Every structure is written in C-alpha cells, then in structure tokens.
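Enquirer: A predicted structure for the sequence below; I have some questions about it.
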Amino acid sequence: MKAGLSTLLTFLGMAALFGCEAPRPEPLRIGYIDWPGYEILYLAQQKSFLQQEKAPVLLKDFTSFSDLLKALQVGRLDGAAMSINEMLLSRLGKDYRVVFVLDVSHGADGIVGQQPIRSFKELKRKRIGVELKGLGGYVLTRALQKAGMDASEITRINMTATIEAYSAFMDKEVDAVVTFEPVLSRLIAEQRGNLLFTSREIPDEIINVLIFHVDALKNRRQDCLKVLQGYLKAREFWKKEPEDAVNIMARRERIPPDYFRTSLNGLLIPDLSTNLTYFGLADTENYFLETLRNFQGFMEENRLPYEPVYFENLLTDLKGVKG
C-alpha cells in the first residue's frame, strides 16, 4: 500500500513539474523567395546554427514576391527577406523595420533577350516578361532610362521572375524577361539568351535586407537577435567551408553547385562590420539615405504611392559576433 502511494505521489509530482514548464515560444515566421543572397538563412537552418542559438524560427518558402507580399499583408509572417525597393513599393514601412543587410546586387538581377537580340534598344515594340509588383518593374524602368527609351515603346507581360519567366522564354512567348540569379545564368547557358542589362549598371540601387514586424521587435527582441547570430555563424561557415556551404545552398535552389557559385559572383554579402557601416553605426553616414532618396524620387516622378522605410538597430547588440 505504502509502495503504491509512493509511486502515485512520485507520478503526480512529475506531472506537476512538467505542467509548470514554460510553453515553447511560437517560432518567428520568416518568408523568402528563391534568391542566392537569401540562402545563408537556409544554410543556418541546415547546419543547426539557428538551433544552437535557440532561435525559434520557421523559414517559409514562396514562389514569387507577390505571394510573399500577400502573406505579409495578412499577418502570416513575422519577418521576411526582400529588397528595400520592394519594401517601399509595397508600403510596408509602417509595420516593418529593416534590421540587417543580407546582400547587394552587383549583376545578379538583369534582363535576358532571345537570339538574335543583342542590345536593350532592340527591344522596341517587343514583349518583355516582368513581375510588375516586384523588383523587376524597377529594374526594367531603370534599363529604359539608361537606354533613353519610354515605357510606351515596349509591351510588358506580367509574370513571376523565376518559373514563369524561364518557361515563357524557353517557349519563345516573350522576346526578353526581367529575372535574377540563378535563372539569369540558366537562360544564358541553357537557352542561349543574350544578357542585355544587369544591376551592375545601377550599382548600390538594389539592397536586399531582413525585416521584422514592429511587434516582433518590441515583444521578442532577443529572439530576433538570435536569428541574426545564427545567420552570422552560417556566413562564417560559408567563408571557411565554401564547397560544403555551396552544395547545401544549391540544393534548395534545385540547381547544380556550379550555377549557384556563378550566381554569387553578382552579389556582395556583407558581414557584421560592413552592416555597421551601412547603418551609420561606425562613425559613418547611413549608407541607405542616398539610395532611399533616389528611389523615392523615382516613385514620386512616376506618381507611385510608397511608405517611408525605417530601421531598427539590433547590430550594436551583436558586436563581437563573427561573420
């Protein structure tokens, strides 16, 4: 009888102990599309760097920026990876803050034309596939400006910049597409496309960042910091073990490692020190200010509505972290 009572008390004690444990926090839901400059987030997950930092994160894939934007607008995400340009265009500045620069495009975004089109000016009266609500619309506008052309001189066909763009180009439904890596390199290598314009011609205008919702930053600041710490560990791993890292990241993009490695050539992927410079935290002016002024001028000139972009300083809490 005593033994039975003792067992029961022990069981009840253990039940009480486990019942008092704090529930695990809901994961921070971070959305992103296929883009080589975002894959270090995936690497951080696959190499367990996020788990090591005890960062509660759920990475969510989206096939297009349009789908990602819808998820942000209805509150299904706590954060996302996107360009500052897309953030302005989508008027997300009220609810989201920029916390980190993931990459800067120096050739990884561009426009590819069919044979035998060899210059952008040859696209007059031609059909161009472009994701109008994404970054592609801006890239196409800047290419038109550089070529001294008007938007009325081309026909824009709205489509996603990845799967739809590749298929439409392959089937010759369009004369050119606005896309980005790794589709950019694939169209040139596999479909004999000609490169007509790249972001190398508009340096420092396409900056891709990590953003968090203001509520996540207010209520879960430490979890947001843990995400950045895990990311920086993954970036350090990529620098030390590039072959292993590229093989992992290429798997998510569903492309051979050589394609992925080539796509990285058009990107600057900054470390923490460079981020401090971008944010004006290293006795420098905020790197974004001129870019934002130029882009806002483009928006106003084209009478496009936008929401100003704001920044949240998490970086000074990361000093001493490698990556």
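Expert: Happy to help now that I have it.

Enquirer: Quick one: the helices in the stretch 151-300 of the chain, in order.
Expert: Under the criterion DSSP state H, counting those that start in this stretch, the stretch 151-300 of the chain contains helices at 163-170, 183-191, 214-219, 221-240, 242-253, 257-263, 272-278, 288-301.

Enquirer: could those go into CSV alongside mean pLDDT, distance to S105 and mean neighbour count?
Expert: Yep, even glycine has a C-beta here, placed from its N, CA and C like the rest. What follows is the helices of the stretch 151-300 of the chain, written out as CSV (pLDDT from 0 to 100; distance: least, Cβ to Cβ, whole Å; neighbours: other Cβ atoms under 10 Å):
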stretch, mean pLDDT, distance to S105, mean neighbour count
helix 163-170, 96, 16, 19
helix 183-191, 94, 11, 19
helix 214-219, 97, 26, 14
helix 221-240, 97, 17, 20
helix 242-253, 96, 16, 17
helix 257-263, 92, 11, 19
helix 272-278, 90, 14, 18
helix 288-301, 76, 12, 14
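
Enquirer: Out of these, flag the one nearest I84.
Expert: Closest approach to I84 among those (Cβ to Cβ): helix 288-301, 6.8 Å.

Enquirer: So which elements touch that closest one?
Expert: helix 84-89, helix 135-147 (3 or more Cβ pairs under 8 Å, 6 or more residues apart in numbering; DSSP states H and E).

Enquirer: ok, residues contacting stretch 73-84?
Expert: 28-33, 35, 38, 41, 60, 65, 68, 71-72, 96, 98, 102, 105, 135, 206-213, 215-216, 220, 224, 227, 288, 291-292, 295, 309 (Cβ atoms under 8 Å, 6 or more residues apart in numbering).

Enquirer: rewinding a little: format the helices of the stretch 151-300 of the chain as JSON lines; extra columns: distance to M87.
Expert: Output for the helices of the stretch 151-300 of the chain, formatted as JSON lines (distance: least, Cβ to Cβ, whole Å):
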{"stretch": "helix 163-170", "distance to M87": "22"}
{"stretch": "helix 183-191", "distance to M87": "22"}
{"stretch": "helix 214-219", "distance to M87": "14"}
{"stretch": "helix 221-240", "distance to M87": "17"}
{"stretch": "helix 242-253", "distance to M87": "23"}
{"stretch": "helix 257-263", "distance to M87": "23"}
{"stretch": "helix 272-278", "distance to M87": "15"}
{"stretch": "helix 288-301", "distance to M87": "10"}
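
Enquirer: Of the ones you listed, which is nearest Q115?
Expert: Here helix 183-191 is closest among these (Cβ to Cβ), at 8.9 Å.

Enquirer: D150: which of the helices of the stretch 151-300 of the chain is closest?
Expert: helix 288-301 (13.4 Å).

Enquirer: returning to that earlier point: quick one, which of the helices of the stretch 151-300 of the chain gets closest to Q45.
Expert: helix 221-240 (8.2 Å).

Enquirer: quick one, the closest one and helix 242-253 angle?
Expert: Orientation check (axes from the mean of the first three to the mean of the last three Cα atoms, to 10 degrees): helix 221-240 against helix 242-253 gives 120 degrees.

Enquirer: Can you list the helices and strands that helix 221-240 packs against?
Expert: strand 28-33, helix 39-46, helix 49-52, strand 96-105, strand 207-213, helix 214-219, helix 242-253.

Enquirer: Mind putting those into a markdown table with distance to E236?
Expert: Converted to a markdown table, the helices and strands packed on helix 221-240 look like this (distance: least, Cβ to Cβ, whole Å):
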| stretch | distance to E236 |
| --- | --- |
| strand 28-33 | 20 |
| helix 39-46 | 10 |
| helix 49-52 | 9 |
| strand 96-105 | 15 |
| strand 207-213 | 17 |
| helix 214-219 | 25 |
| helix 242-253 | 10 |
